[in-house]
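> okay, here's the prediction I keep looking at, along with the sequence it came from:
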Amino acid sequence: MAPRSSSLAPPTAGWRWALVGALLGAVATLAFYAPARWLAAALAELSGNQLQLINARGTVWNGNAGVVFSSGGRGAESISLPGTLSWTLRPGWGAVNAAFTLPCCAPQPLRLQVRPRAGGALLAWSDGRSNWPAAMLSGFGAPWNTLKPEGMLELSTQAFTMEFKGRALGLAGRATLDATDISSSLSTLRPMGSYRVTVEGGPAPSLLLTTREGSLVLSGSGRWSGTAMRFDGEASAAPGREDALSNLLNIIGRRQGTRSLITLG
């Protein structure tokens with residue numbers, strides 16, 4: 001008699017599919033429950049430790065942590081924001097939607113959509129307002145850690161996007177920063193003044209600095225090339241305030257008579 005053929009697949013085939021399924025399940029589970037400290041480590045790496053999430057808890061997708069701005073390096077100056085930051089990340093079609101809750105600084109959650117692009121990513125910020133202590137700037141290093149500014153910063157965005165492509169950064173929309181009642185450890189005047197910085201995106205993004213009021217008068221404009229900012233401005237003292245601001249004017253720029261010329265880039 002001829003031998004009967006078997007309709008059963010080799011046992012190894014079933015085990016292979018089972019192993020693949022188990023691995024895919026493990027990867028999905030790991031991604032879903034990835035600890036928040038992984039996000040903290042990635043953010044510290046990307047920012048050169050200038051932006052740190054402290055005591056991160058939860059997962060990459062839902063978590064909370066303290067926020068510290070640090071100038072990095074030896075003798076680093078660190079500034080902690082009051083309270084804690086909570087975040088929620090939700091993947092969608094071709095994008096990740098993020099919401100950040102920070103009671104100290106934003107009355108409403110700050111919302112951001114991240115869209116991967118070839119060679120980079122697009123960050124689209126929802127329109128909104130937030131308030132930040134000017135002291136946090138000291139955590140970004142020079143020249144802020146020398147100026148040690150105090151006061152309040154109000155940031156508002158309108159259709160503002162940031163597109164990262166390789167080393168280049170493209171900007172669109174508008175971002176406005178109002179600096180109110182600003183003072184510095186380099187001057188006895190408190191406050192020195194209030195100022196506005198406006199960033200206009202587009203093919204040739206621009207920056208405009210104006211003085212709203214105050215004894216220290218600042219003005220200037222700049223252009224963003226995609227990889228660097230070129231800024232030209234000047235500072236001067238209001239009549240009768242020259243002596244109180246002389247030391248500050250000597251430090252923030254190159255003196256030219258009663259003015260101090262500021263050049264960056």
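All right, it came through fine.

> correct me, but residue 49 touches residue 70?
Yes - using Cβ atoms under 8 Å, residue 49 is in contact with residue 70, at 5.9 Å. (Glycine included, C-beta is placed from N, CA and C.)

> more crowded one of these two?
It is residue 70, of residue 49 and residue 70, that has more neighbours when counted by other Cβ atoms under 10 Å, with 21 against 16.

> ok, and the closest non-adjacent residue to that one?
Distances taken as Cβ to Cβ, 6 or more residues apart in numbering put residue 78 closest to residue 70, at 4.3 Å, once the chain neighbours are dropped.

> may I have the phi/psi pair for the one you found?
phi -120, psi 140 (degrees, to the nearest 10).

> let me see the contact set for it.
Contact partners of residue 78, counting by Cβ atoms under 8 Å, 6 or more residues apart in numbering, are 68-71, 139.

> and for residue 237, the neighbour number?
Residues within reach of residue 237, counting by other Cβ under 10 Å, total 22.

> now it: how far from residue 131?
Distance, residue 237 to residue 131, by Cβ to Cβ, to the nearest Å: 28 Å.

> likewise residue 146?
According to Cβ to Cβ, residue 146 and residue 131 sit 24 Å apart.

> repeat for residue 179
Distance, residue 179 to residue 131, by Cβ to Cβ: 11 Å.

> so what sits against both of these two?
With Cβ under 8 Å, 6+ apart as the test, residue 179 and residue 131 both reach 152-153.

> residue boundaries of the helices in the stretch 1-150 of the chain?
11-32, 36-46, 144-147 (DSSP state H, counting those that start in this stretch).

> list the contacts for residue 107?
Taking Cβ under 8 Å, 6+ apart, we find residue 107 in contact with residue 129.

> before we move on, the earlier item: which ones among the contacts of residue 78 map onto strands?
Secondary structure from DSSP state E places 68-70 of the contacts of residue 78 in strands.

> among those, which one lies nearest to residue 114?
Residue 114 lies nearest to residue 69 out of the ones in strands among the contacts of residue 78, by Cβ to Cβ, at 21.5 Å.

> burial count for the closest one?
By other Cβ under 10 Å, 22 other residues sit near residue 69.

> quick one: it and residue 139 touch, right?
Yes - counting by Cβ under 8 Å, residue 69 does reach residue 139; the two are 2.9 Å apart.

> same drill for residue 179 and residue 131, tell me which one is more crowded.
Taking neighbours as other Cβ under 10 Å, residue 179 and residue 131 compare with residue 179 leading, 23 against 14.

> the helix or strand hosting that one: what's the following helix or strand?
Per DSSP states H and E, residue 179 falls inside strand 168-183. The first helix or strand that comes after strand 168-183 along the chain, using DSSP H and E, is strand 193-200.

> please report how far the residue nearest to residue 70 lies from residue 66.
11 Å.

> what's the answer for residue 129, then?
Taken as Cβ to Cβ, the span from residue 129 to residue 66 is 23 Å.

> ok, residue 146 next?
For residue 146, the distance to residue 66 - Cβ to Cβ - is 25 Å.

> how many neighbours does the nearest residue to residue 190 once chain neighbours are set aside have?
The spatially closest residue to residue 190, leaving aside those adjacent along the chain, is residue 183, at 4.3 Å (Cβ to Cβ, 6+ apart). Burial of residue 183 is recorded as 19 neighbouring residues (other Cβ under 10 Å).

> same question for the one 10 residues further on.
Residues contacting residue 193 under the criterion other Cβ under 10 Å number 22.

> how near is the closest residue to it other than its chain neighbours to residue 185?
Of all residues not flanking residue 193 in the chain, residue 214 sits nearest, at 1.8 Å (Cβ to Cβ, 6+ apart). Between residue 214 and residue 185 the computed distance is 17 Å (Cβ to Cβ).
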